[in-house]
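Participant: could you work out the structure for the sequence below:
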Amino acid sequence: PFHDNGWTDSKFVPYSTMVETLQSQLPSLQRVADGPNDTTKWWKASSGKGRIGFITSMSEHFCGTCNRLRLTADGKLKTCLFGTGGKEVSLRDVIRSSGSPNDLETMIQQALQEKHKLLGGHGTPNKIAEHSEQNRPMTLIGG
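Facilitator: Numbering: from 1, shown residues only. The predicted model follows:
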């Protein structure tokens, strides 16, 4: 649910429904083991060479094990894609003000300690959507 992407409950398809639909058409679809901090749930068909992945942040949260950080083009650190603008930490400002490597390390550690365990602190997808105007769209986050 990012600003202006038209997210609504009525268009949402949960992970379990997507898997059930695919398995009804492709019974050989099997779950593949994930890595410890994987944000994708991987599946493959026994007869195929490829695989399919689901990023299930809305229906089966993985926030508690997510170890992702993003550095935006304008020098802000985001600890969660769903975190609003007030949760971004400006590393650029520290660097431009001649901050030391220790200053940067301290800021990054503090940002990590304040990282929310669920959906950027919003709690539900609907709450993310309600505050989406305070978050950058994916095209401006990068990565």
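Participant: surely Gly53 and Lys44 touch.
Facilitator: No - at 9.7 Å, Gly53 does not count as touching Lys44 under the criterion of CB atoms under 8 Å. All C-beta spots, glycine's among them, are computed from the backbone N, C-alpha and C.
Participant: what about Ser97, distance to Leu104?
Facilitator: 11 Å (CB to CB, to the nearest Å).
Participant: so for the two, which residue has more residues nearby?
Facilitator: The neighbour comparison of Ser97 against Leu104 (other CB atoms under 10 Å) goes to Leu104, with 15 against 8.
Participant: contacts only, for the most centrally placed residue in the chain.
Facilitator: Among the residues of the chain, the one closest to the centroid is Leu81, at 4.7 Å (CA atoms, centre = their mean). Contacts for Leu81 (CB atoms under 8 Å, 6 or more residues apart in numbering) come out as Ser57, Arg68, Arg70, Gly120, Met138, Ile141.
Participant: and which of the residues you listed is nearest to Leu77?
Facilitator: Closest approach between the contacts of Leu81 and Leu77, by CB to CB: Arg70, at 7.3 Å.
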